[in-house]
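Peer 1: Turn this into a structure:
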Amino acid sequence: MKYLLDTDTCVALLRGDATATARARQLSPADLAVSSITRYELHFGVMRCSSKRRKSEAKKVSVFLSLLHEIPFTDETAEVAAKIRFQLEGKGQPIGQMDTLIAATALEAGLTLVTGNLRDFSRISDLSVESWMDK
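Peer 2: Have a look, this model is predicted:
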């Protein structure tokens with residue numbers, strides 16, 4: 001594995017974003033992963049869909065996730081996340097808690113985080129980030 005896909009990148013892929021899709025197609029599925037936090041966020045997004053769309057969106061998300069390796073949130077990841085949050089809050093530059101957990105997952109696994117939120121994630125020391133999305 002090389003890349004951990006942030007939730008916004010997964011949503012872009014699910015919606016057919018041309019740039020994200022083209023980049024993902026250049027790679028083997030073995031190079032891509034999601035965190036268990038992203039799985040949660042995607043399922044929550046499905047719950048927020050209208051009841052008319054919920055079943056079809058749930059199917060899309062399920063198929064999408066079945067193609068990717070999932071990195072679990074572990075005790076070690078929790079410690080990394082706590083350090084990230086402490087450092088960023090100490091600088092007066094906190095980011096969202098879910099973003100902190102996803103960043104910690106990427107750091108712990110030694111993966112590059114693929115996100116459209118470069119502004120927030122670039123504040124995290126030693127985290128490799130890149131964007132595959134149209135601006």
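Peer 1: contacts and neighbour counts: CA atoms only from here.
Peer 2: Fine.
Peer 1: Name the SS class of Ile124, please.
Peer 2: Following DSSP: H, G, I helix; E, B strand; the rest coil, we place Ile124 in the coil state.
Peer 1: which residues sit in contact with the closest residue to it other than its chain neighbours?
Peer 2: For Ile124, the nearest residue in space outside its immediate sequence neighbours is Ile84; the separation is 6.9 Å by CA to CA, 6 or more residues apart in numbering. For Ile84, the set of contacting residues under the criterion of CA atoms under 8 Å, 6 or more residues apart in numbering consists of Thr100, Ala104, Ile124.
Peer 1: For those residues, which single residue is the most surrounded?
Peer 2: Ranked by the number of neighbours (other CA atoms under 10 Å), the contacts of Ile84 place Ala104 first, at 27 neighbours.
Peer 1: ok, it to Lys59 distance?
Peer 2: If you measure Ala104 against Lys59 using CA to CA, to the nearest Å, the figure is 28 Å.
Peer 1: Any idea what the closest residue to Ser122 other than its chain neighbours is bridged to?
Peer 2: Distance criterion CA to CA, 6+ apart; nearest residue to Ser122, sequence neighbours excluded, is Val129 at 6.9 Å. Taking DSSP bridges as the rule, Val129 bridges to Leu113.
Peer 1: Same list (the contacts of Ile84) but as a markdown table, adding pLDDT and distance to Arg48.
Peer 2: Rendered in a markdown table, the data for the contacts of Ile84 read as follows (pLDDT from 0 to 100; distance: CA to CA, whole Å):
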| residue | pLDDT | distance to Arg48 |
| --- | --- | --- |
| Thr100 | 98 | 23 |
| Ala104 | 99 | 26 |
| Ile124 | 97 | 30 |
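Peer 1: Tell me the buried residues in whichever helix or strand the residue nearest to Ile124 is part of?
Peer 2: Counting by DSSP states H and E, the element that carries Ile84 is helix 75-90. The neighbour-count check on helix 75-90 (16 or more other CA atoms under 10 Å) flags Thr77, Ala78, Val80, Ala81, Ile84, Arg85, Gln87, Leu88 as buried.
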